[in-house]
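Enquirer: The following comprises the amino acid sequence and a computationally predicted model.
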Amino acid sequence: MKFSVSPGIFAPASGKNSRGGVQLMKFDGKHGKNTKGFYLALGICLLAVGIAAWTTYDSVVNFTARDEALQSQPSYQATEKTVSGVKESSSSPILSAESSQPETSQTQQKPEPDPISSAPEKTESSQAPVKEPEPESEAEPVQETAVEPEQEPDPTPESLSYPIGKSVSQRFSGDNPVYSETMGDWRVHSGADIPAQAGENVTAACAGTVSAVSQDELYGGCVVVTQGELEVYYYGVDEIAVKAGDTVAQGDAIGVLGSVPCESADGDHLHFAVKRAGAWIDPLELLS
């Protein structure tokens, strides 16, 4: 398309020249001034739109770049460190979760121990001397003692011999009290009185062991001989010839007849009493 240059404003003509070009129509001066003002205003508007577009684009680009720069920079936070017991304020970077993890795994190292602070402190327990266990003393050999076979208890005599004389002046009363001429009261008589002359020998009515020898204010000298379940008591004995622990055979002399102070009104006699299994019994049941 060809344009012809001439003063004024030209517009394309609606026809072709002989060479095939397009002829420009020439506007008149009044019409050209209006068109010129229109295009000038249009150009100013386009320029303003371009400037506004460029300003907006530049602002967006700068804001994006600044945001990325802020995100890439590490943030700092004041922390406290303790060095040798003194708190020291310092700033240490706190990285984001995405950027700190790979660096932490690569750069984190085990801190070297301080030769002074890591020295083990001596405590009272470490300073105290450790007592060595005392050697166990050898156990003393157990002495074996011979086990003696249990001895069977002595058989209980089925009968007794008269220790002196052959008669009885006062019988066993059991639970029935009798009047005492000497004491002037009623009391039970727990044995049998065998009359005899003072000084005559008193013999053991049965074999056994002397379990007790004593002196009583009421009954005089007393000898007790034990055999099996029987305990035989001899009251009113003087010049006692045995002691506790002695063994006697039936008929052995154990002393001589003396006196029984609580029965002195009944004349010289031996107060003879017997217990079976701890209970008083009538001696005449066994005397023969």
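Expert: Noted; the coordinates are in hand. Residues are numbered from 1 along each chain as shown.
Enquirer: any idea how this structure splits into domains?
Expert: 10-70, 177-285 (automatic domain parsing).
Enquirer: Tell me which of these sits nearest to Pro157.
Expert: Nearest to Pro157 among these is domain 177-285; the distance by Cβ to Cβ comes to 4.4 Å. (C-beta placed from N, C-alpha, C; glycine too.)
Enquirer: For Arg171, find the nearest of the domains of the chain.
Expert: Judging the domains of the chain by Cβ to Cβ, what sits closest to Arg171 is domain 177-285, at 5.9 Å.
Enquirer: what mean pLDDT does that closest one have?
Expert: Average pLDDT, domain 177-285: 96.
Enquirer: Ends of that domain, what's the gap?
Expert: Distance between the boundary residues of domain 177-285 (Cα to Cα, to the nearest Å) amounts to 20 Å.
Enquirer: Can we start the residue count at 189 from this point?
Expert: Shifting the count to begin at 189 puts that one at domain 365-473.
Enquirer: Tell me, how many residues neighbour the nearest residue to Leu475 once chain neighbours are set aside?
Expert: Residue nearest to Leu475 in three dimensions, not counting chain neighbours: Leu348, with 5.3 Å by Cβ to Cβ, 6 or more residues apart in numbering. Number of residues near Leu348 (other Cβ atoms under 10 Å) recorded here: 21.
Enquirer: same thing with Asp381?
Expert: For Asp381, the neighbour count with other Cβ under 10 Å is 21.
Enquirer: Hmm, Gln358 and it touching each other?
Expert: Yes: judged on Cβ atoms under 8 Å, Asp381 makes contact with Gln358 at a distance of 3.8 Å.
Enquirer: okay, and the common contacts of those two?
Expert: Contact criterion Cβ atoms under 8 Å, 6 or more residues apart in numbering; residues shared by Asp381 and Gln358: Glu451, Asp454, His457.
Enquirer: backbone phi and psi for Asn250, please?
Expert: Dihedral pair for Asn250: phi -60, psi -40, per degrees, to the nearest 10.
Enquirer: any idea how far it is from Thr243?
Expert: Using Cβ to Cβ, to the nearest Å, one obtains 11 Å as the distance from Asn250 to Thr243.
Enquirer: what's the answer for Thr414, then?
Expert: From Thr414 to Thr243 the distance is 140 Å (Cβ to Cβ).
Enquirer: Asp381 now?
Expert: Computed as Cβ to Cβ, the Asp381 to Thr243 distance reads 156 Å.
Enquirer: Over to Tyr367?
Expert: Computed as Cβ to Cβ, the Tyr367 to Thr243 distance reads 155 Å.
Enquirer: What of Glu451?
Expert: Glu451 sits 154 Å away from Thr243, taking Cβ to Cβ as the criterion.
Enquirer: Looking at the two, which one has more neighbours?
Expert: A count of neighbours by other Cβ under 10 Å puts Glu451 above the other of Glu451 and Thr243, at 24 against 10.
Enquirer: hang on, that one is in a helix, isn't it?
Expert: Yes: under DSSP: H, G, I helix; E, B strand; the rest coil, Glu451 sits within a helix.
Enquirer: wait, doesn't it sit right on Asp381?
Expert: Yes: if you go by Cβ under 8 Å, Glu451 and Asp381 touch, sitting 6.8 Å apart.
Enquirer: Now the common contact residues for these two.
Expert: Gln358, His457, His459.
Enquirer: Just the mean pLDDT for the helix or strand harbouring Trp242, thanks.
Expert: Counting by DSSP states H and E, the element that carries Trp242 is helix 217-260. The pLDDT scores in helix 217-260 average 76.
Enquirer: Asp470 versus the residue nearest to Leu475, what's the distance?
Expert: Relative to Asp470, Leu348 is positioned 11 Å away (Cβ to Cβ).
Enquirer: Name the residues contacting each of those two.
Expert: Val462.
Enquirer: Count the neighbours of the nearest residue to Ala461 once chain neighbours are set aside for me.
Expert: Distances taken as Cβ to Cβ, 6+ apart place Gly379 nearest to Ala461, at 3.2 Å, with adjacent residues excluded. By the measure other Cβ under 10 Å, the count of residues near Gly379 is 23.
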